[in-house]
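Novice: model this:
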Amino acid sequence: MRTYFFILFSVLPILFPVLVKSQACYWVSFTDKNNTPYSLAEPEVYLSERALQRRQRQHIAIDSLDLPVNPSYSAAITGISGVKFLHASKWLNGITVTATSDSMLMTAKQFPFVKDIQLTKPAIGVKSGINKWVNQSGKPLMQSITSNNGPSVYQTTIMNGQYIHNQGFWGEGMQIAILDAGFFNVDTYPAFDSLWANNQILGTRDFVNPDDDFFKTNYHGMSVLSCIGGNIPGQLLGTGPKASFWLLRSEDVATEYLIEEDNWIAAAEFADSVGCDIINSSLGYSTFDAPAMNHKYTDMDGKTTRVTRGANIAASRGMLVFVSAGNEGNKPWKYITAPADGDNVIAVGAVNRDSLPAPFTSLGPAADGDIKPNVTALGWNTYLEKRNGETGYSSGTSFSSPVMAGMAACLWQANTGAKAETVKNIIELTASQSMQPDSRMGYGIPNMQKAFLHIINLSEKQKKLTNKWNVFPNPIGEAIFLTCNSCVSQKNIQIELYSIDGRLLRNWIKPPTNRTEIRGLQSLPRGIFLLKINHSGHVETFKLNKVR
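Specialist: Residues are numbered from 1 along each chain as shown. Here you go, the predicted structure:
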């Protein structure tokens, strides 16, 4: 079932079936990235300068997951008659293709580098034509409005977000990728005039059908964007109106199949590559139009579904990943949906202005016991831009998630030197029930005033966690020595040696110390190598040269 997170309050009649012409879609995964033309030593080829700067600030090393899929592997698959390339995933090492017949499977399976082939969308002759995404209307609460921001003020004040805004932090300089189903009339509605006027719309990308008229597709992403960047004086002001945005369409509203998880991953990889700081995704997956593709609650364990694995990797690249918890709380499924179960994902539930959990908000925990949702925000009667271009109330965790993401952009703007993981922890630890989290509200409603004071007053101990390692000699001989100026963690040191094309050659685990050594390197051939040091989550990478 499409967990497309908003509450429907009216239903349009069933329309006549529409004939569509389509091909089957497949996920083709590869065994390795051997002999790739890409190199860990030249990440600027496949990552933007801004993406590399984000990594550098957070001491996140470039690794083999960042290397694009081997183009010769892709070419071999797309060289099969009737096969067309759609997009690739470097993180999960595979490509999504369409094929005119199942015969391509037999040919593709003969390649030694093909690990697996999975049908992600069957060839369909008819779709129902049902409009599932009708305009939704919430019931406005009769409370006085004391701000010139209109009813949207409550989305900020319930989190004490006005404190951050009053300090002058509105998300400026932060980049947010919105992964959604469409951005209907974002190019014409007045709510987004200021975004266009100030060049805050950085670009668009359609991972569903690049030939579609981008701003004439589904409206859901438009409403989501308005929760962060909308600006109509006296009516609507988003929680991060000075942030900049990439609008990425990954959801196909016509059907629900596994391919949309692969679309999501491709969009997230794009967001990483262009240097986004934050991802917001008001999408989730549990059951599908083809029952054989259905997930189970036990799959919501933070590591099983492809989309969750992709979301976790996105977070590991130094981005904050916000995902709607889901609207299944009063439905048979009941629980969160993927990728909200991700260990490093911030799943956002919904409350009303009285801080009461919405009856529809999906429940945790994750199947592996992790606290889910992580936090909650106002998603029960959220004030936003609607499909018809008017402002009004709508409900769903689709809207609590961007409300939270926009506020996080303002928080992070106050200290861009903080790691994404640190920002996530601060948001959770300053929330209303951080000491007693539960399965409906998680850690509760964040208190952004407390969070702000935490992030600008990071202790000296936290700052010293950015330890600096030294590696010598270089060029290397039989042995190298590693020293650390101020290593305080008692965790073991993980050390990995890679070839320049990203192959792991050797690895070591050393006890915690300020000085260690690695021997037995005389057998290495001449060339360039990359040494990755991971100590208590702090990662540094060094380029080593062996000349004899």
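Novice: How is this protein partitioned into domains?
Specialist: 18-127, 150-458, 469-546 (automatic domain parsing).
Novice: okay, those domains, which one's buried deepest?
Specialist: Mean neighbours per residue, mean count of other CB atoms under 10 Å, is largest over the domains of the chain for domain 150-458, with a mean of 23. C-beta: built from backbone N, CA, C; applies to glycine.
Novice: Centre of the chain to it, how far?
Specialist: 9 Å (CA atoms, centre = their mean, to the nearest Å).
Novice: Following element in sequence after the helix or strand containing I77, please.
Specialist: Take DSSP states H and E as the rule and I77 turns out to sit in helix 71-78. Counting by DSSP H and E, the element after helix 71-78 in chain order, helix or strand, is strand 83-89.
Novice: Residues in contact with the next helix or strand after that next one: which ones?
Specialist: Moving toward the C-terminus from strand 83-89, the next helix or strand (DSSP H and E) is strand 94-99. Residues outside strand 94-99 that contact it (CB atoms under 8 Å, 6 or more residues apart in numbering): 23-30, 69, 73-74, 77-78, 80, 82-89, 105, 115, 120, 259, 262-263, 266.
Novice: hmm, who's touching the helix or strand just after strand 94-99?
Specialist: The helix or strand immediately downstream of strand 94-99 is helix 103-108, counting by DSSP H and E. Residues outside helix 103-108 that contact it (CB under 8 Å, 6+ apart): 26, 28, 77, 80-83, 99, 114, 117.
Novice: angle of the helix or strand following helix 103-108 against strand 83-89?
Specialist: Going down the chain from helix 103-108, the next helix or strand is strand 114-121, by DSSP H and E. Strand 114-121 and strand 83-89 are oriented at 100 degrees to each other (axes from the mean of the first three to the mean of the last three CA atoms, to 10 degrees).
Novice: just to revisit the earlier point, nearest to L505, of the contacts of helix 103-108?
Specialist: V114 (24.7 Å; CB to CB).
Novice: Tell me how far the residue nearest to that closest one when sequence neighbours are not counted lies from S152.
Specialist: What sits nearest to V114 in space, not counting adjacent residues and going by CB to CB, 6 or more residues apart in numbering, is A108, at 5.5 Å. Applying CB to CB, to the nearest Å, the value for A108 to S152 is 51 Å.
Novice: again, but for I346
Specialist: From I346 to S152 the distance is 21 Å (CB to CB).
Novice: Please apply the same query to L505.
Specialist: Counting by CB to CB, the gap from L505 to S152 is 54 Å.
Novice: wait, L524 sits on K546?
Specialist: Yes: contact status for L524 versus K546: in contact at 5.3 Å, counting by CB atoms under 8 Å.
Novice: Please enumerate the shared neighbours of these two.
Specialist: In contact with both L524 and K546: I476, using CB under 8 Å, 6+ apart.
Novice: so who does S250 touch?
Specialist: Contact analysis of S250 by CB under 8 Å, 6+ apart lists 179-181, 207-208, 260, 263-264, 266-267, 281, 283.
Novice: do that again at 10 Å, thanks
Specialist: Residues near S250 by CB atoms under 10 Å, 6 or more residues apart in numbering: 87, 178-181, 205-208, 221, 259-268, 270, 281, 283, 307.
Novice: Mind checking which of these are in strands?
Specialist: 87, 178-180, 205-206, 281 (DSSP state E).
Novice: Turn these into CSV, including distance to P233 and pLDDT.
Specialist: Listed next are those as CSV, based on distance: CB to CB, whole Å; pLDDT from 0 to 100:
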residue, distance to P233, pLDDT
H87, 40, 98
I178, 23, 99
L179, 29, 99
D180, 26, 98
R205, 31, 98
D206, 32, 98
S281, 29, 98
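Novice: Quick check: of those residues, which lies closest to Y498?
Specialist: Nearest to Y498 among these, with distances taken as CB to CB, is H87, at 26.3 Å.
Novice: For the stretch 401-548 of the chain, which residues score under the pLDDT cut-off?
Specialist: Within the stretch 401-548 of the chain, the stretches with pLDDT under 70 are 458-468, 486, 488, 501.
Novice: where exactly do the strands run in it?
Specialist: 469-472, 479-484, 493-499, 504-510, 515-519, 527-535, 538-546 (DSSP state E, counting those that start in this stretch).
Novice: Can you give the strand pairings for the shortest one, parallel or anti for each?
Specialist: Taking DSSP bridges as the criterion, strand 469-472 pairs within the sheet with strand 479-484 (antiparallel).
Novice: again with the fourth one
Specialist: When sheet partners are counted by DSSP bridges, strand 504-510 sits next to strand 493-499 (antiparallel).
Novice: Alpha carbons only: can I get the partner strand in PDB?
Specialist: C-alpha atoms of strand 493-499 as PDB (Å, rounded to 0.1, in the frame of the first residue of the first chain):
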ATOM      1  CA  ILE A 493      41.000   1.700  16.200                       C
ATOM      2  CA  GLN A 494      39.800   0.300  12.900                       C
ATOM      3  CA  ILE A 495      42.300   0.600  10.000                       C
ATOM      4  CA  GLU A 496      41.700  -0.300   6.400                       C
ATOM      5  CA  LEU A 497      44.000  -0.100   3.400                       C
ATOM      6  CA  TYR A 498      42.500   0.400  -0.100                       C
ATOM      7  CA  SER A 499      43.800   0.300  -3.600                       C
END
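Novice: Now do it and strand 527-535, the angle between them.
Specialist: The directions of strand 493-499 and strand 527-535 differ by 160 degrees, with the same axes, to 10 degrees as the criterion.
Novice: roughly how far out does strand 493-499 sit from the chain middle?
Specialist: Worked out by CA atoms, centre = their mean, strand 493-499 lies 27 Å from the chain centre.
Novice: What angle do strand 515-519 and it make with each other?
Specialist: For strand 493-499 against strand 515-519, the angle by the same axes, to 10 degrees is 40 degrees.
Novice: Report the inter-axis angle for strand 493-499 versus strand 538-546.
Specialist: For strand 493-499 against strand 538-546, the angle between stretch directions is 40 degrees (the same axes, to 10 degrees).
Novice: Tell me where this protein is predicted with low confidence.
Specialist: Looking at the chain by pLDDT under 70, you get 1-22, 125-148, 458-468, 486, 488, 501.
Novice: Quick check: nearest residue in space to N415, chain neighbours excluded?
Specialist: I455 (4.7 Å).
Novice: wouldn't the one you found be in contact with W412 here?
Specialist: Yes: using CB atoms under 10 Å, I455 is in contact with W412, at 7.7 Å.
Novice: can you list residues touching both of the two?
Specialist: Common neighbours of I455 and W412 (CB under 10 Å, 6+ apart) are 418, 422-423, 426-427.
Novice: export those to JSON lines and tack on distance to I158?
Specialist: Converted to JSON lines, the shared contacts of I455 and W412 look like this (distance: CB to CB, whole Å):
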{"residue": "A418", "distance to I158": "24"}
{"residue": "T422", "distance to I158": "23"}
{"residue": "V423", "distance to I158": "19"}
{"residue": "I426", "distance to I158": "18"}
{"residue": "I427", "distance to I158": "14"}
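Novice: So which of those residues is the closest to K386?
Specialist: When the shared contacts of I455 and W412 are compared against K386 (criterion: CB to CB), the nearest one is I427, at 28.3 Å.
Novice: need the contact list for T382.
Specialist: Each residue near T382 by CB under 10 Å, 6+ apart is listed here: 6, 138, 151-152, 154-155, 223, 226-227, 350, 352, 392-400, 402-403.
Novice: ok, F481 to P473 distance?
Specialist: 8 Å.
Novice: how close does the nearest residue to F288 once chain neighbours are set aside get to P233?
Specialist: Once flanking residues are discounted, F288 sits nearest to E256: 5.0 Å by CB to CB, 6+ apart. Using CB to CB, E256 is found at 39 Å from P233.
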